[in-house]
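Asker: build me a structure from this.
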Amino acid sequence: QVQLVESGGGLVQPGGSLRLSCAAAGSIFSINAMGWYRQAPGKERELVATITGGGSTNYADSVKGRFTISRDNAKNTAYLQMNGLKPEDTAVYYCNANIQVIFAWSPHDYWGQGTQVTVSS
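Answerer: Alright, predicted model coming up:
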């Protein structure tokens, strides 16, 4: 019914930048909050940033001032601009969206497949 497709990951040197994209497709009536999470090897998945349908944002303390989440509602797409990347930002980054599917009773959370971000010299 719904797919979240992420792109933009890769290998970058410390201090570098990457921009992740997450495009939602399918039988979508509306999208509420969208967010980015990450999971490093041997660690639990953690929240990176979220953005509501109205544009309010929330960030993990570890990325404040370096990462910026945004969305284009016309394209059903969320973005994560990552600047000043550090080795500790290395992880698989997952997109999450709370989506009301057409003819469904209530919205549900959907996840992307993940995109690898590696910060290394």
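Asker: ok, N58 - how many residues close by?
Answerer: Neighbours of N58 under the rule other CB atoms under 10 Å: 14. C-beta: built from backbone N, CA, C; applies to glycine.
Asker: that one bridge partners, please.
Answerer: T50 (DSSP bridges).
Asker: isn't it up against V48?
Answerer: No: in this structure N58 lies outside contact range of V48 using CB atoms under 8 Å: 9.8 Å.
Asker: in stretch 104-121, what's buried?
Answerer: Of the residues in stretch 104-121, P107, Y110, G112, G114, T115, V117, V119 count as buried by neighbour count, 16 or more other CB atoms under 10 Å.
Asker: cool, and stretch 94-103?
Answerer: Y94, C95, N96, A97, N98, I99, Q100, V101.
Asker: got the contact list for that stretch?
Answerer: Residues from elsewhere that reach stretch 94-103, judged by CB atoms under 8 Å, 6 or more residues apart in numbering: 1-2, 4, 6, 20, 22, 24, 26-39, 45, 78, 106-114.
Asker: so how do I select the buried members of those in ChimeraX?
Answerer: The buried residues among the contacts of stretch 94-103 can be selected in ChimeraX (16+ other CB under 10 Å) with this line:
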select :2,4,6,20,22,24,28,31,33,34,35,36,37,38,78,107,110,112,114
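Asker: narrow the contacts of stretch 94-103 to those in strands?
Answerer: Residues of the contacts of stretch 94-103 located in strands (DSSP state E): 2, 4, 6, 20, 22, 24, 26, 28-39, 78, 108-111.
Asker: from G65, how far out is the most centrally placed residue in the chain?
Answerer: Central residue of the chain (CA atoms, centre = their mean): W36, 2.8 Å from the mean position. Separation of W36 from G65 (CB to CB, to the nearest Å) stands at 16 Å.
Asker: how far is stretch 86-93 from where the chain is centred?
Answerer: Distance of stretch 86-93 from the chain centroid (CA atoms, centre = their mean, to the nearest Å) equals 13 Å.
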